[in-house]
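1. sequence first, then the predicted structure, then my questions.
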Amino acid sequence: MSKLKWGILSTGTIAKNFAQTARDMGDISLHAVASRNVEAADAFGDAYGIAVRHASYEALAHDKDVDIVYVATPHSRHYEDMKLLIGAGKHVMCEKSFTTDARQAAEIFALAQEKGVFVMEAFWTKFIPLYRQIERIIAEGIIGEIRMVTALYGYTTGRQARKFDATLAGGTLLDIGVYTIGFACMMLGYQMDAIGSMLLLNGEGTDATDAITLRKGNAVAQLTCAIGANTPVHGAVYGTKGHIDIPDFKNPQCATLYVDGQAPVSLEHPFEVNGFEYEIREAERCVQEGRLQSDVMTGEQTVAVMRIMDEIRRQNGMHFPFER
Ligand SMILES: NC(=O)c1ccc[n+]([C@@H]2O[C@H](COP(=O)([O-])OP(=O)(O)OC[C@H]3O[C@@H](n4cnc5c(N)ncnc54)[C@H](OP(=O)(O)O)[C@@H]3O)[C@@H](O)[C@H]2O)c1
């Protein structure tokens, strides 16, 4: 198959990051961009050297030259945007959080299966190469049986109103809580035995500060995240014989392995570009090989994380306006 032609749906913050990364990778073909307004599409096309600019998402979905579309709209739109694209026969890589709930996510994977197209959540953490080393260390029993996982992630932003907007399915949980939950699942597996949580809701009815506790067998994960407080971004996994410390756990290039009674060992895997390149390469590989899902980040795993977030929102009475 010749080079895949990518389309980009939206011209926002992470769409720009994607376009810049794809350019820096050197071998990715950015064919088209779509915005809800033509000026934004043109400006984006000019900035990233993309020849075809569409003034609607529908026009991109029906651009017969486009093979695969990167969806980078707010959470509230992902489901409808993916349905439009998959219905038009496009392969899709969609930003996290994949949808607003597990039912929608399962429906999207079923639809993609039916239409014979590839779909994957752009959960970039999962594709970071350092995690393959960390998984091997855990599988070999080097830190013993896992007993505890921790993750901490908080930031402040001038875009707080947009980030908390309930009509866009905003709030800390779907924005960054998903990283902490995804990390816990990577360490413990995706089916938890128990889910506990405390979300502090803001005036918008979405969550600002979250404490989440998950249990799998004999291990507990304690996850804390916030929009409105800067914290170190930090993850760790603790076993009966040692632990692994993972600064910047959402996109790590280095970590430290501590085995009890031994000197610490540095683990490193520098990025080729900025860490986003690995999910892009995975999507390209899967489509070229005719796969409908990635086995690094499967549909089942995406749905499992959405199910955990559904349960956390249920426990805290957090509903989006369009769900009422
Ligand atoms: N992987 C990561 O590290 C990472 C980082 C940040 C965000 N994300 C994810 O990427 C997605 C987009 O986040 P973002 O920070 O890029 O958002 P953003 O800067 O607000 O951009 C979102 C874009 O979506 C389009 N859009 C369509 N309907 C909209 C509406 N009703 N309100 C606002 N925008 C609308 C707009 O593009 P047009 O005007 O061109 O149509 C807008 O520029 C989210 O799922 C987020 O969680 C991922």
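-> In hand now; what should we look at?
2. and stretch 273-291, C-alpha only, in CSV?
-> Below are the C-alpha coordinates for stretch 273-291, written out as CSV (Å, rounded to 0.1, in the frame of the first residue of the first chain):
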residue,chain,number,x,y,z
VAL,A,273,10.5,13.5,18.2
ASN,A,274,8.3,14.2,21.2
GLY,A,275,6.5,11.0,22.1
PHE,A,276,3.5,11.4,19.8
GLU,A,277,5.3,9.7,17.0
TYR,A,278,4.7,6.2,18.4
GLU,A,279,0.9,6.3,18.3
ILE,A,280,1.1,7.7,14.7
ARG,A,281,3.4,4.9,13.7
GLU,A,282,1.2,2.3,15.3
ALA,A,283,-1.9,3.5,13.5
GLU,A,284,0.0,3.5,10.2
ARG,A,285,1.3,0.0,10.8
CYS,A,286,-2.1,-1.4,11.7
VAL,A,287,-3.8,0.1,8.6
GLN,A,288,-1.0,-1.0,6.3
GLU,A,289,-1.3,-4.5,7.7
GLY,A,290,-5.1,-4.5,7.3
ARG,A,291,-5.8,-4.6,11.1
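3. what residues does the stretch 1-150 of the chain put near the ligand?
-> Selection of the stretch 1-150 of the chain residues close to the ligand by Cβ under 6 Å from any ligand atom yields 10-15, 35-36, 40, 72-75, 77, 95-96, 124. Where C-beta positions appear, they are placed from N, C-alpha and C, glycine not excepted.
4. again, 5 Å this time
-> Residues of the stretch 1-150 of the chain found near the ligand (Cβ under 5 Å from any ligand atom) are 10, 11, 12, 13, 14, 35, 36, 40, 72, 73, 95.
5. so which of the residues you listed sit within helices?
-> Applying DSSP state H to these, the entries found in helices are 13, 14, 40.
6. may I ask which of the residues you listed has the most neighbours?
-> Neighbour counts for these peak at residue 40, which has 18 neighbours (criterion: other Cβ atoms under 10 Å).
7. you'd agree residue 44 is in a helix?
-> Yes - under DSSP: H, G, I helix; E, B strand; the rest coil, residue 44 sits within a helix.
8. give me the number of residues near the residue lying closest to it once chain neighbours are set aside?
-> The shortest distance from residue 44 to any non-neighbouring residue, by Cβ to Cβ, 6 or more residues apart in numbering, is to residue 11 (4.2 Å). Neighbour count for residue 11, taken as other Cβ under 10 Å: 24.
9. Provide a list of residues in contact with residue 11.
-> Neighbour list for residue 11: 33, 35, 40, 41, 43, 44 [criterion: Cβ atoms under 8 Å, 6 or more residues apart in numbering].
10. out of the residues you listed, which two sit at the greatest distance?
-> 33 and 43 (9.7 Å; Cβ to Cβ).
11. between these two, which has more neighbouring residues?
-> Set side by side, residue 33 and residue 43 show more neighbours around residue 33, with 28 against 15, by other Cβ under 10 Å.
12. and the strand or helix carrying the more buried one, which residues are buried?
-> Using DSSP states H and E, residue 33 maps to strand 29-34. Across strand 29-34, burial judged by 16 or more other Cβ atoms under 10 Å covers 30, 31, 32, 33, 34.
13. quick one: the helices in the protein?
-> 13-25, 38-48, 57-61, 75-87, 102-115, 130-139, 160-164, 172, 178-188, 277-288, 299-315.
14. can I get those helices in JSON lines with distance to residue 230 and mean pLDDT?
-> Listed next are these as JSON lines, based on distance: least, Cβ to Cβ, whole Å; pLDDT from 0 to 100:
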{"stretch": "helix 13-25", "distance to residue 230": "18", "mean pLDDT": "98"}
{"stretch": "helix 38-48", "distance to residue 230": "29", "mean pLDDT": "98"}
{"stretch": "helix 57-61", "distance to residue 230": "34", "mean pLDDT": "98"}
{"stretch": "helix 75-87", "distance to residue 230": "23", "mean pLDDT": "98"}
{"stretch": "helix 102-115", "distance to residue 230": "30", "mean pLDDT": "98"}
{"stretch": "helix 130-139", "distance to residue 230": "24", "mean pLDDT": "98"}
{"stretch": "helix 160-164", "distance to residue 230": "13", "mean pLDDT": "92"}
{"stretch": "helix 172", "distance to residue 230": "13", "mean pLDDT": "98"}
{"stretch": "helix 178-188", "distance to residue 230": "16", "mean pLDDT": "99"}
{"stretch": "helix 277-288", "distance to residue 230": "26", "mean pLDDT": "98"}
{"stretch": "helix 299-315", "distance to residue 230": "23", "mean pLDDT": "98"}
